[in-house]
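A.B. asks: What shape does this take:
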Amino acid sequence: MTVELEIARDANEAERRAGKLVAERARAAIESSRFSVALSKAPPAMLQAFVAGVTSWDAIDVYQVDERAAAAGTPHRNLSAIVASLPAEALGSLRPMPVEAPDLDDAARLYEVELPEALDLVHLGLGVDGHTASLAPGDPVLDERDRRVAVTEEYEGHRRLTLTVPALDSAREIVWLVTGEEKRDALARLLEGDESIPAARIANPSQLVVADEAAAGR
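C.D. replies: Below you'll find the predicted structure:
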């Protein structure tokens, strides 16, 4: 498996490039069918570029890759940034993870039922510790093979719902966004296929990393 790498000059350029890629894929898909995308924690520049490139939201479904079990509207929620960036006409396309449910295991099962058989595109980020989505080092959810959505152990103060490795592997395409010098080691290990980090355990055959020069070591 090969992970392709595209290098942008700086973080803003990388973020806008990733957003434009998602929009391009959406426009191509909705000419003949629906388009499903799952977003991780996305920076405003990426979301703005995605929104600017979409001409119609009628056939687009926006899912979440992962979400903290935290109150709605708080900065801890990935959803807060997504909602703030989407226009009003796009909010009907949003499929939020139900992390406010009293039973997170039930919430995970319900969200799994909502997912299409294969997501068209998944956007992923990369942590300095090599985590992606909410697949953190040492969490048993990393070894989950029967479920596409699962509940994590507590990580950085929150339990989370997350897409699992099987869900990520089955997507038609993964677009990574990796910026910042502090991500340089984790990105190198991802590109080398070093499975000691969670991110490199994803075996999807169609993966593109959009990175800035700082993260790529250029």
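A.B. asks: Now Phe35: phi and psi?
C.D. replies: When quoted as degrees, to the nearest 10, the phi and psi of Phe35 stand at phi -130, psi 130.
A.B. asks: Correct me if wrong: it contacts Ala23.
C.D. replies: No - contact status for Phe35 versus Ala23: not in contact, 10.1 Å apart, counting by Cβ atoms under 8 Å. The C-beta positions use only the backbone N, C-alpha and C, and glycine is treated the same way.
A.B. asks: Quick check on the two: which one has the bigger neighbour count.
C.D. replies: Comparing Phe35 with Ala23 by other Cβ atoms under 10 Å, the one with more neighbours is Phe35, at 24 against 19.
A.B. asks: Test for you: state the pLDDT assigned to the residue nearest to the more buried one when sequence neighbours are not counted.
C.D. replies: Leaving aside its sequence neighbours, Phe35 sits nearest to Ala29 (Cβ to Cβ, 6 or more residues apart in numbering; 3.8 Å). Model confidence at Ala29, given as pLDDT, is 91.
A.B. asks: Roughly how far does Ala29 sit from Thr164?
C.D. replies: Between Ala29 and Thr164 the distance is 24 Å, computed by Cβ to Cβ, to the nearest Å.
A.B. asks: Just want to know which of these two has more residues nearby.
C.D. replies: Between Ala29 and Thr164, Thr164 has the larger neighbour count (other Cβ under 10 Å), namely 22 against 18.
A.B. asks: Arg77 reaches Ala69, doesn't it?
C.D. replies: No - counting by Cβ under 8 Å, Arg77 does not reach Ala69; the two are 9.5 Å apart.
A.B. asks: and for those two, which residues touch both?
C.D. replies: Residues touching both Arg77 and Ala69 comprise Val99, with contact defined as Cβ atoms under 8 Å, 6 or more residues apart in numbering.
A.B. asks: of those two, who's got more company?
C.D. replies: More crowded of Arg77 and Ala69, by other Cβ under 10 Å: Arg77, with 23 against 19.
A.B. asks: roughly how far apart are the closest residue to the more buried one other than its chain neighbours and Met46?
C.D. replies: Using Cβ to Cβ, 6+ apart and skipping the chain neighbours, the partner closest in space to Arg77 is Ala70 (5.5 Å). Ala70 sits 22 Å away from Met46, taking Cβ to Cβ as the criterion.
A.B. asks: Equivalent analysis for Ala69, please.
C.D. replies: Distance from Ala69 to Met46, by Cβ to Cβ: 24 Å.
A.B. asks: neighbours of the residue lying closest to Glu89 once chain neighbours are set aside, just the number please.
C.D. replies: Among residues not flanking Glu89 along the chain, Trp57 sits closest, at 5.6 Å (Cβ to Cβ, 6+ apart). Neighbour count of Trp57, defined by other Cβ under 10 Å: 20.
A.B. asks: residue contacts, Trp57?
C.D. replies: Contact analysis of Trp57 by Cβ under 8 Å, 6+ apart lists 89-90, 92-93.
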